[in-house]
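Peer 1: When you get a sec, could you give me coordinates for this:
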Amino acid sequence: MADSICDQSAAPAPGSGEPLYFPHDAPRLFGWLHRPTGSRSPGTGVVICQPFGYEALCGHRAVRAFAEAAAAAGVPALRFDYLGTGDSANIAGDADQIAQWLEDVRAAVDELRRQTGVTRVCLLGFRLGALLATCAATHSRIVDGLVLVAPVTSGLRYVRELRMVRMAAKLRESSNSLADGSGDVTTAGVGSLEVSGYALSGASLAALSKVDLDALGPPPVARILLVDRDDLPSSAEWRRSLTASAVAVDYQVMPGFVGMMLTAPQFTVLPHAMIDVVATWLAGFAERTAAPAPGRDSTAVSAVSSLELGDDGSGFATAERPVRFGPDGLLFGVVTEPPRNERRRRAVVLVNSGADHHIGAGRLYVSLARHWARRGYLVLRMDLAGLGDSGTRPGGAANVVFPSTAIKDLAAALEFVRARYGAREVILGGLCSAAYHALRAAVEGVSVDRILMVNPLNFFWDEDSSLTDLQLADVVRNPGLYLQERIWSAAAWKRLVGGEVNVGRILAVYLRRAYLAVESALRGLARRLRLRLDKDLQRELETVAARGVKMVFVFARGDPGLELLRLQGGLAIERLGDRCRVHVIDNADHEFTRSSARARLEHVLSEELFSP
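Peer 2: The predicted structure follows:
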């Protein structure tokens with residue numbers, strides 16, 4: 001059967017990873033175990049410690065590539081989400097995340113040993129994850145080697161950096177008139193800091209500010225690979241301190257960090273040279289520290305396949321489990337199951353946004369899924385083929401935001417929740433490109449009952465287009481910005497005179513906007529004359545509504561998709577009434593990165609979902 005339905009027990013390709021929850025006696029963390037090829041029992045493994053927040057979202061693709069490369073080099077790798085991040089269980093808003101995450105690193109080391117039987121473990125950490133790895137190695141003496149990529153060496157400097165990023169974001173919000181700063185309260189409580197949708201509690205900030213790797217002393221490990229970024233090397237001084245303490249340090253300054261962890265996921269570039277250096281070092285470390293292989297068959301160790309979420313104080317117990325589905329189990333997702341006594345058989349499929357993986361920006365999808373499951377909905381958070389943790393179709397490309405096969409993937413997801421869980425009512429939705437894909441699927445006749453679309457930036461996409469091309473969203477957004485904010489700015493005029501402004505792009509924006517306005521008027525005339533038009537959003541919305549599919553649009557005020565809907569949708573929105581509802585949320589940005597805005601979005605979507 002071409003479109004077989006598989007769960008997490010389906011055998012993955014070697015090195016591709018097995019999803020699991022751990023610790024075995026009290027599962028709360030989600031991870032991926034990448035086993036090496038061959039039957040030889042490995043003596044050394046690696047646990048990967050993620051960076052924090054937006055860097056982790058951007059770096060997801062690269063972290064997966066590092067794990068796969070380690071497995072290909074014969075070193076089993078475990079990558080995982082700390083408590084309160086990714087697909088792991090939630091954490092109390094006022095908890096000391098740093099202390100908890102150090103415990104999580106130790107739990108991951110134990111799980112890697114349990115699953116693979118390795119006798120030696122290295123930690124591979126990125127940025128804040130490198131600091132956590134070093135602290136875990138120093139305090140617990142649980143590992144034999146460290147690989148540290150662009151490590152945070154001073155927690156205090158890192159906190160200051162986060163505060164600067166948050167301040168810059170507030171200034172940008174203010175200049176764009178998208179937010180007034182009111183109601184900006186995070187769920188992490190008093191003294192917390194929220195940056196790009198990710199929060200550190202006051203207790204975490206206090207703990208982090210006290211950590212300095214220079215003062216910590218040399219970690220008790222056999223060897224360290226220290227990879228510094230070439231654009232902003234900051235570990236040279238610490239390296240000299242380690243060398244003076246007789247620690248064996250291999251120091252490399254390499255390009256690629258910005259492209260893999262400081263670039264939006266749809267534009268990330270894998271640092272192949274860095275990946276090769278790390279994989280080669282791990283393989284060499286395993287050979288240098290070779291010891292008798294473990295005598296047991298490590299593959300016989302069972303893994304926990306579900307996360308019991310409990311009732312969160314609401315009286316409703318839910319659970320999550322990873323699933324593979326679609327052709328040959330190519331597609332990956334996480335299902336949040338409603339209480340076992342739920343009989344209404346309703347399901348929501350949330351499609352990954354852009355090249356973000358299935359947790360969503362700011363972990364939005366995780367929050368929605370767990371809230372909706374407590375209200376009786378089964379929720380599948382999925383990655384399209386070539387994105388997140390799904391496989392790439394043969395002959396297809398990875399990290400493509402608008403793949404031509406997206407509708408096939410969505411159809412496979414809907415078939416999965418119906419066949420596996422008996423879903424009778426199915427809702428499809430997501431943010432940005434996911435909203436686009438949901439609408440396209442409904443237009444193409446994929447069987448769905450309702451679509452939830454948050455901040456779509458376009459309604460039509462040409463396969464020969466690129467994300468760097470001038471998009472209609474730019475056309476709708478930029479004229480107002482140029483006129484209202486920049487024409488009176490002395491700094492803007494200085495940049496113009498200095499040749500720092502792309503005048504050609506500005507002209508293209510204005511010409512395209514004028515063309516769009518004329519085209520909109522002509523389309524309105526053609527509709528009155530009952531002429532059939534190509535790429536007619538108004539006709540498509542009416543067709544979808546006629547099939548009985550309810551449509552919900554939610555926009556952040558000022559997001560260009562709202563104006564684009566008005567220009568391209570014509571009078572359809574008003575005529576369709578409750579069959580096509582539009583909501584606008586104040587004081588929010590495109591990805592709802594502030595917790596106050598995310599809370600309002602969750603409320604609006606939930607009200608629509610629970611309505612008849």
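Peer 1: what's the domain layout of this protein?
Peer 2: 15-153+221-290, 308-460+535-610, 471-534 (automatic domain parsing).
Peer 1: Can you say which of the ones you listed is nearest to Gly197?
Peer 2: Set against Gly197 and scored by CB to CB, the domains of the chain come closest in domain 308-460+535-610, at 2.7 Å. In short, each C-beta sits where N, CA and C put it, glycine included.
Peer 1: could you give me the average pLDDT of that closest one?
Peer 2: What domain 308-460+535-610 shows for mean pLDDT is 93.
Peer 1: mind listing the strands for the stretch 301-450 of the chain?
Peer 2: Per DSSP state E, counting those that start in this stretch, the stretch 301-450 of the chain carries strands over the ranges 307-310, 318-325, 331-337, 346-351, 377-383, 425-431, 450-454.
Peer 1: make that the stretch 501-612 of the chain, sorry
Peer 2: 550-556, 580-585.
Peer 1: which of these sits most buried?
Peer 2: strand 550-556 (a mean of 23; mean count of other CB atoms under 10 Å).
Peer 1: now for that one, which elements pack on it?
Peer 2: Contacts defined by 3 or more CB pairs under 8 Å, 6 or more residues apart in numbering; DSSP states H and E place strand 550-556 against helix 433-443, strand 450-454, helix 537-546, helix 560-569, strand 580-585, helix 595-610.
Peer 1: Packing partners of the third one?
Peer 2: Yep, that's helix 537-546 we're talking about. helix 433-443, helix 503-528, strand 550-556, helix 560-569, helix 572-576.
Peer 1: what do you get if the cut-off is 7 Å, keeping everything else the same?
Peer 2: Here helix 537-546 touches helix 433-443, strand 550-556, helix 560-569, helix 572-576, going by 3 or more CB pairs under 7 Å, 6 or more residues apart in numbering; DSSP states H and E.
Peer 1: just checking, what packs against the third one?
Peer 2: Looking back up the chat, that one is helix 560-569. Applying 3+ CB pairs under 7 Å, 6+ apart, one finds that helix 560-569 makes contact with helix 472-481, helix 537-546, strand 550-556.
Peer 1: Also the shortest one?
Peer 2: Other helices and strands packing on helix 572-576, by 3+ CB pairs under 7 Å, 6+ apart, are helix 537-546.
Peer 1: 10 Å instead?
Peer 2: helix 537-546, strand 550-556, helix 560-569, strand 580-585 (3 or more CB pairs under 10 Å, 6 or more residues apart in numbering; DSSP states H and E).
Peer 1: from the middle of its chain, how far away would that helix be?
Peer 2: Relative to its parent chain, helix 572-576 has a centroid offset of 34 Å by CA atoms, centre = their mean, to the nearest Å.
Peer 1: Repeat that for the longest one.
Peer 2: Helix 433-443 sits 19 Å away from the centroid of its parent chain (CA atoms, centre = their mean).
Peer 1: Dump it to PDB, restricted to CA.
Peer 2: Only the C-alpha atoms of helix 433-443 are listed here, as PDB (Å, rounded to 0.1, in the frame of the first residue of the first chain):
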ATOM      1  CA  SER A 433       2.400  29.200   4.900                       C
ATOM      2  CA  ALA A 434       0.400  26.600   6.800                       C
ATOM      3  CA  ALA A 435      -2.700  28.800   6.300                       C
ATOM      4  CA  TYR A 436      -1.900  29.000   2.600                       C
ATOM      5  CA  HIS A 437      -1.600  25.200   2.400                       C
ATOM      6  CA  ALA A 438      -4.900  24.700   4.300                       C
ATOM      7  CA  LEU A 439      -6.800  26.900   1.900                       C
ATOM      8  CA  ARG A 440      -5.200  25.300  -1.200                       C
ATOM      9  CA  ALA A 441      -6.200  21.900   0.100                       C
ATOM     10  CA  ALA A 442      -9.800  23.000   0.600                       C
ATOM     11  CA  VAL A 443      -9.900  24.600  -2.800                       C
END
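Peer 1: quick one: that helix to strand 377-383, angle?
Peer 2: On the basis of axes from the mean of the first three to the mean of the last three CA atoms, to 10 degrees, helix 433-443 is oriented at 110 degrees to strand 377-383.
Peer 1: Next, Tyr21: phi, psi?
Peer 2: Phi and psi for Tyr21, reported as degrees, to the nearest 10, are phi -120, psi 150.
Peer 1: Helix, strand or coil: sort out the nearest residue to it once chain neighbours are set aside for me.
Peer 2: Once flanking residues are discounted, Tyr21 sits nearest to Pro27: 3.9 Å by CB to CB, 6 or more residues apart in numbering. State at Pro27, reduced to three classes by DSSP: H, G, I helix; E, B strand; the rest coil: coil.
Peer 1: same deal with Pro233?
Peer 2: Pro233 falls in the coil class when you classify it by three-state DSSP.
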